[in-house]
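Visitor: Turn this into a model:
(one chain, ligands or ions: 2)
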Amino acid sequence: MIIVVKPGASESQVHEIIDVLERNELKPHVSEGAERLIIGVIGDKSRLAPGSLEVLSGVEKIVPIMESYKLASRQFRPEGTSFNVKDLVIGGNELVMMAGPCAVESEEQVEAVASKMVACGVKVLRGGAYKPRTSPYAFQGLEKEGLKILRRVADRYGLLVISEVTSENDIEYASNYLDIIQIGARNAQNFRLLSAVGKSGIPCMLKRGIAETIDEWLGSAEYIMSEGNYHIMMCERGIRTFETATRSTLDISAVPVLKGKTHLPIIVDPSHAAGKAQYVEPLALAAIAAGADGLIIEVHPDPKHALSDAAQQLTPEAYAELAQRVKEMAAIVKRSYPIVKE
Ligand code: PEP
Ligand code: MN
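Guide: Ligands and ions are numbered 1, 2, ... in the order given. From the prediction side, this is the model:
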């Protein structure tokens with residue numbers, strides 16, 4: 001359930017509510033909106049004596065949440081969530097553009113991409129250091145060295161770093177180099193990893209599992225939020241269907257459906273959904289038209305020779321064209337596009 005606090009309630013009235021919850025071993029999660037203070041309550045509500053919250057002077061109303069996810073529910077933050085990662089606002093009016101290679105292969109490779117991305121409005125550099133590959137014989141990523149390369153290159157261009165972490169054991173090390181943790185599709189229901197990312201407090205982008213329903217995916221977000229980390233972006237990256245023309249099927253409907261169900265910002269990854277470079281731009285435009293808050297796109301200086309996901313990576317030149325089209329689409333849907341500082 002959520003408790004809607006009376007507008008203008010004093011600090012002591014709010015404390016009184018939290019006190020009753022904590023005395024009954026319930027966990028309060030406070031969300032301070034522009035107009036309303038809302039307290040999400042997690043735990044066994046049957047501990048509460050009937051009426052024990054209703055009588056408190058700071059309580060306006062109590063709303064039960066029927067879904068199994070609570071903190072991720074739109075009701076917890078009706079106005080939507082936006083948060084900062086350093087000076088980048090995620091979930092605001094301005095689109096968040098993230099790009100970079102599938103995997104970090106060398107400093108020269110990452111440099112060749114990053115140097116061209118800045119002028120396109122990209123604010124976050126992506127690159128896989130720990131690669132979750134289907135085959136154990138495929139390139140597994142440069143791991144620690146990959147993270148160091150990303151950080152060095154990103155710092156040269158004033159970019160943030162997003163990179164996937166596949167094990168809870170790597171979070172602490174990775175946190176020295178990245179700004180946003182990516183949870184990949186294959187780990188979308190690795191609940192220990194989700195809880196560990198929740199405890200770390202590091203902003204994260206949660207990709208949708210390849211066979212996850214939207215409600216299950218929100219359950220994954222709830223694992224992170226229930227540990228106190230609310231800085232989450234949901235990333236639609238395609239789901240497995242009977243269609244084989246594309247690598248996955250981009251579930252465009254997930255964007256408006258999520259907007260109704262959750263307050264969390266929504267990112268779309270057209271690269272992994274398409275699996276083929278020629279489909280990335282149309283899917284990117286569709287995502288923005290549908291209301292996505294940002295995009296994450298794979299770019300490689302020499303896609304043909306990429307060590308992973310060669311077919312779907314764009315050249316920096318193709319990305320620059322895509323960025324121009326996205327900018328035009330942003331204007332149509334009244335979203336601002338990042339201004340490039342000279
Ligand atoms: C990736 O971003 O390189 C990746 C492996 O993505 P996904 O988890 O969506 O397959
Ligand atoms: Mn990839």
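Visitor: going forward, measure contacts and count neighbours with C-alpha atoms only.
Guide: OK.
Visitor: Which residues belonging to the longest helix anywhere in the chain are considered buried?
Guide: With residue count as the measure and DSSP state H as the assignment, the chain has helix 316-332 as its longest helix. Within helix 316-332, the residues that qualify as buried by neighbour count (16 or more other C-alpha atoms under 10 Å) are 316, 319, 320, 322, 323, 326, 327, 328, 329, 330.
Visitor: Check stretch 105-112 too.
Guide: For stretch 105-112, burial by neighbour count (16+ other C-alpha under 10 Å) applies to 105, 109, 110, 111, 112.
Visitor: Flag every residue of the stretch 101-250 of the chain that's near ligand 1.
Guide: For the stretch 101-250 of the chain, the residues in contact with ligand 1 under the definition C-alpha under 6 Å from any ligand atom are 102, 128, 184, 185, 186, 207, 237.
Visitor: Just name the closest of those residues to residue 134, please.
Guide: For residue 134, the nearest member of those is residue 186. The distance, counting by C-alpha to C-alpha, is 9.6 Å.
Visitor: In contact with that closest one, which residues?
Guide: Contact criterion C-alpha atoms under 8 Å, 6 or more residues apart in numbering gives 132, 209, 210 as the residues in contact with residue 186.
Visitor: Help me confirm that residue 39 comes into contact with residue 2.
Guide: Yes - counting by C-alpha atoms under 8 Å, residue 2 is a contact partner of residue 39 at 5.5 Å.
Visitor: right, and the secondary structure at residue 140 would be what?
Guide: Taking DSSP: H, G, I helix; E, B strand; the rest coil as the rule, one finds residue 140 in the coil state.
Visitor: Quick check: phi and psi at the nearest residue to it once chain neighbours are set aside.
Guide: Across the structure, with C-alpha to C-alpha, 6 or more residues apart in numbering as the measure, the residue nearest residue 140 apart from its sequence neighbours is residue 131 (5.1 Å). Residue 131 has phi and psi values of phi -100, psi 120 when expressed as degrees, to the nearest 10.
Visitor: Could you double-check that residue 131 sits in contact with residue 103?
Guide: Yes - with contacts counted by C-alpha under 8 Å, residue 131 reaches residue 103, the gap being 7.1 Å.
Visitor: who touches both of these two?
Guide: Contact with both residue 131 and residue 103 is made by residues residue 141, according to C-alpha under 8 Å, 6+ apart.
Visitor: These two - which one has more neighbours?
Guide: When residue 131 and residue 103 are compared on other C-alpha atoms under 10 Å, the one with more neighbours turns out to be residue 103, at 29 against 22.
Visitor: so what's the more buried one up against?
Guide: 127, 128, 129, 131, 141, 307, 308.
Visitor: All the strands of the stretch 201-342 of the chain, in order from the start?
Guide: For the stretch 201-342 of the chain, the strands defined by DSSP state E, counting those that start in this stretch cover 204-207, 232-236, 266-268, 294-298.
Visitor: As a markdown table, these with mean neighbour count, distance to residue 59 and mean pLDDT would be great.
Guide: Putting the strands of the stretch 201-342 of the chain into a markdown table (neighbours: other C-alpha atoms under 10 Å; distance: least, C-alpha to C-alpha, whole Å; pLDDT from 0 to 100) gives the following:
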| stretch | mean neighbour count | distance to residue 59 | mean pLDDT |
| --- | --- | --- | --- |
| strand 204-207 | 25 | 32 | 98 |
| strand 232-236 | 28 | 28 | 98 |
| strand 266-268 | 29 | 31 | 99 |
| strand 294-298 | 25 | 37 | 98 |
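Visitor: Which one of those lies nearest to residue 287?
Guide: Of all the strands of the stretch 201-342 of the chain, the one in closest proximity to residue 287, counting by C-alpha to C-alpha, is strand 266-268 (6.4 Å).
Visitor: neighbouring strands for the closest one, and are they parallel or not?
Guide: Listed by DSSP bridges, the sheet partners of strand 266-268 and their directions read strand 232-236 (parallel), strand 294-298 (parallel).
Visitor: and the strands of the stretch 201-342 of the chain as CSV, adding distance to residue 217?
Guide: As requested, the strands of the stretch 201-342 of the chain are arranged in CSV below (distance: least, C-alpha to C-alpha, whole Å):
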stretch, distance to residue 217
strand 204-207, 8
strand 232-236, 9
strand 266-268, 12
strand 294-298, 18
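Visitor: who's in contact with residue 224?
Guide: Under the criterion of C-alpha under 8 Å, 6+ apart, the neighbours of residue 224 are 194, 195, 196, 197, 198, 199, 230.
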